[in-house]
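K.L.:
pasted the sequence and its predicted model underneath.
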Amino acid sequence: MTVAVLVLTAAAFVLRLAYLFHSHPFIDEFTTLLAAQSILSRGLPVLPSGLFYEHGLVFSYLVAPFVALADDETLFRLGRLPSLVIGTATVPLLYWVGRRWLSPLAGLVAAFLLVFSPEGIVWGGRARMYALAQLLVLLLAFLVYEGSLGEGGPRPRIAPRKARWLALLTLWALLLTQFGALILVPPLLIGSLVVGWLTCPKGTRPWFARRAALFEGVGLIIVVGSGVLIKRLGRPLGAASLGGGSVGGLVEELIGTVSYQAGLVLDGESAVKFLARQFGVPHHLWLTLVAVIGGGIALAVWLAARRSAGSSRGGEWPAPYSFLYLWLVFGLSVVEMILLLQPWRRNPRYLVMALPLFYLMVGGGVGLIAGLVLGNRGIGESGNQGIRESGEQGNREVGKWGSGGIGRLGFPVLMVVFMGVQAALLVPDLSVAYRTPEPAYEDAFRYVADRWGPGDMLLTMNTSGAGLLLGDTFNPSAELGFAIQEDARQFLLDADSQAVDRWLGAPWIGTAADFNKALNEHRRSWFVIDTIRLPVYYRGDWLAVLESQMDRVWSHDDALVYVTRPDRVPVPADPEMPVDAHFGDVVALNGYSVGRREELTPEEQIGSCELAGVLCFKPGDALQVTLFWETLAPVDVDYTVFLHVRDGQGKTLAQRDNQPFDGLYPTSQWQPGESIAQPLVVELPGDLAPGSYSLYVGLYRLDTLARVSLEDDASGENAYVLDEPIIIVSGEQ
């Protein structure tokens, strides 16, 4: 068995090392490494924005020495080494806990599952806190269980009182590593109470009814309270800096720190999606069935034993108490995520830390099922009995539960079959993990750094990566913009005043108009994004500005780099002519600007018009009109915008009918209260006679051609006539 554990540990190291070298950094890894740099320079993880980055606090300090040894080429690999070591070390610890709690078979099964878990490989090869949280959760669960055992249960490896205090220290480290582990506290407490009650001999008091438990309870309150306080210092979503208010105000702040992401949310659809993402994937679905069947077998035998013995206390539970404890801790954690967390927190990522407990449940289930299949009921006098009575005091000890009697041949056959089934189901998910799903942001920023020039501007969502890799190249406060349009508040500080991103303090560029303005105000602008986030965080109006004003100059592994076109015609940020035209009760035209698509050369300037302050055009010119819309209410129809050039007799001589932004951002997607700048280009006929021409603008339904009604319509056809006509002159003037 020792050889098998060593082989599994080596396999865990190799698989995580391969991922470490093969994959690009996860976007949050940039923030962890930025925090580690801040620790090296300031002693605290205070980011350039001024934010105290408490997320993964213990891990940030653990990574800092490795970052100190790294340069730009080795930064990410060295920054990932702590996770690699911790993720590998968790494998033999999991086997040892499984052997202690259940059986060597259960421990080996659990270790095998963790070694080849795609989730374990990914988070064991990234510079994030999840591998450390996984190790701490396993250690915490073990210490809580050991500290709960009474004199009538298995002999603890650690003195129970000492184990409980060590558990409090481990919990504190865990909360400072992954605050989401707070969800484990109630299940662990319940599991501890149940185990303490079941293993307490008659006539004695369980651990929680003794005087020492009062001091331990105070310790628990201090640990949880300090963890919440440190989380609050990190300014959760929407929170301001923590002031020096009253004690009552501080308590209210701490309660808000937990409650902003919690609440009784009975949302069946999001719950089903969460369960499907966590347990519905092929490599977990059948493991879930194994765990459930194993739990069912243990429960059925226990109920039968109670009926035959007439026990009212459950002293004849046929499995180790640890099996019940595992079900309580892991099962109640899942229930909490479904019932007590906001839907946006129901992410399998936050359950990765508890996967070792799930794999131990599977290992126990495998042992019980194997006992049935191979003619072993999982209990009996030959070592399969999970809990054995011994002596008049009723002491119990854990036997070879679920594995005795399988036989020398049955054991290896069982493991080969189990591993073969799991391997077949794992291949697709492992291949996804190694297909480098993360964008190559580090290469994208290096591309920009090599071409950076005075007066340049960088726009990106990944400001942490920009600060990490371009910090010596540019001034983040003046030459960086946090460019994100949708769901931005979760990434902002001071969102209701001067909004900046949480990491570098770069100003928020949150609308297509802001994006366009940033492009106009700098000599050259760069936009770094990826193919995964581009369609999620940006709407069609932003994409239209991107396509019309910038060129994609680099792409690799889903990362994209755009730069402003040197020959572009800037789209005005504000209307030259404000107007107030309401189309129905949903859309308003607030203004417009008129210009040429192509600038004239000095020889082509038309002096008489320029001197008169009138914008004149020649036949064949490209007329660019930018319309500034405002959405007054939700729009449920995709309207078409028309722009007509008409002569004095009302005859249309040129026109442009267009779904807004060529269909990239239809009116049905416009947000109430949003301002939208829509450029339209009309090619003027080459034989257009000199004179004055009017521009008509309106909206209509493409399916019926029915126009949207215009309030105070002066045209008689639900069209707004722009206030200033255009002047057409001959080329000789």
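P.N.:
Looks like it arrived, so ask away. Numbering: from 1, shown residues only.
K.L.:
quick check: the residue nearest to residue 183 when sequence neighbours are not counted vs residue 558, distance?
P.N.:
Spatial nearest neighbour of residue 183, chain neighbours left out: residue 336 (5.2 Å); criterion: CB to CB, 6 or more residues apart in numbering. C-beta: built from backbone N, CA, C; applies to glycine. Residue 336 is 34 Å from residue 558, where distance means CB to CB, to the nearest Å.
K.L.:
again with residue 458
P.N.:
For residue 458, the distance to residue 558 (CB to CB) stands at 19 Å.
K.L.:
repeat for residue 709
P.N.:
The gap separating residue 709 from residue 558 is 46 Å, by CB to CB.
K.L.:
next SSE after the helix or strand hosting the residue nearest to residue 183?
P.N.:
Secondary structure from DSSP states H and E places residue 336 in helix 321-339. The C-terminal neighbour of helix 321-339 among helices and strands, as given by DSSP H and E, is helix 355-373.
K.L.:
shouldn't residue 415 be in contact with residue 104?
P.N.:
No. Using CB atoms under 8 Å, residue 415 is not in contact with residue 104, being 11.0 Å away.
K.L.:
would residue 657 count as being in a helix?
P.N.:
No. Counting by DSSP: H, G, I helix; E, B strand; the rest coil, residue 657 falls outside a helix, being strand.
K.L.:
which residues does it contact?
P.N.:
640-643 (CB atoms under 8 Å, 6 or more residues apart in numbering).
K.L.:
and if we set it to 7 Å?
P.N.:
By CB atoms under 7 Å, 6 or more residues apart in numbering, the contact list for residue 657 reads 640, 642.
K.L.:
ok, back up a step: who's more crowded, residue 709 and residue 558?
P.N.:
The neighbour comparison of residue 709 against residue 558 (other CB atoms under 10 Å) goes to residue 558, with 19 against 13.
K.L.:
what's the burial count for the nearest residue to the more buried one once chain neighbours are set aside?
P.N.:
Closest residue to residue 558 apart from its sequence neighbours, by CB to CB, 6+ apart: residue 439 at 4.1 Å. When neighbours are counted by other CB under 10 Å, residue 439 registers 26.
K.L.:
before we move on, what about residue 250?
P.N.:
Residue 250: 15 neighbours (other CB under 10 Å).
K.L.:
next, work out how far apart it and residue 480 are.
P.N.:
35 Å.
K.L.:
which other residues reach stretch 492-504?
P.N.:
31, 34, 47-49, 51, 235, 238, 463-464, 467, 476, 480, 482, 489, 491, 506-508.
K.L.:
and for stretch 64-83?
P.N.:
Against stretch 64-83 from outside (CB under 7 Å, 6+ apart): 20-21, 25, 29, 33, 36-37, 39-40, 62-63, 124-128, 131, 442, 469.
K.L.:
let's see 6 Å
P.N.:
If you take CB atoms under 6 Å, 6 or more residues apart in numbering as the criterion, stretch 64-83 is touched by 20, 25, 33, 36-37, 39-40, 62-63, 124, 126-127, 131.
K.L.:
can you check stretch 89-99 too?
P.N.:
5, 8-9, 12, 106-107, 110-111, 114-115, 134-135, 142, 356, 360, 363.
K.L.:
of the residues you listed, closest to residue 690?
P.N.:
residue 134 (77.5 Å; CB to CB).
K.L.:
name the helix or strand for that closest one, please.
P.N.:
Using DSSP H and E, residue 134 falls in helix 130-148.
K.L.:
average model confidence for that helix?
P.N.:
The pLDDT scores in helix 130-148 average 96.
K.L.:
dump it to CSV, restricted to CA.
P.N.:
Extracted in CSV, the C-alpha atoms of helix 130-148 (Å, rounded to 0.1, in the frame of the first residue of the first chain):
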residue,chain,number,x,y,z
TYR,A,130,-7.5,26.9,-3.6
ALA,A,131,-4.9,24.2,-3.2
LEU,A,132,-4.0,25.6,0.2
ALA,A,133,-7.6,25.9,1.2
GLN,A,134,-8.2,22.3,0.2
LEU,A,135,-5.3,21.1,2.4
LEU,A,136,-6.6,23.3,5.3
VAL,A,137,-10.2,22.0,5.0
LEU,A,138,-9.0,18.4,5.1
LEU,A,139,-6.8,19.2,8.2
LEU,A,140,-9.6,21.1,9.8
ALA,A,141,-12.1,18.3,9.3
PHE,A,142,-9.7,15.8,10.8
LEU,A,143,-9.0,17.9,13.8
VAL,A,144,-12.6,18.7,14.5
TYR,A,145,-13.5,15.0,14.3
GLU,A,146,-10.6,14.0,16.6
GLY,A,147,-11.6,16.7,19.0
SER,A,148,-15.2,15.5,19.1
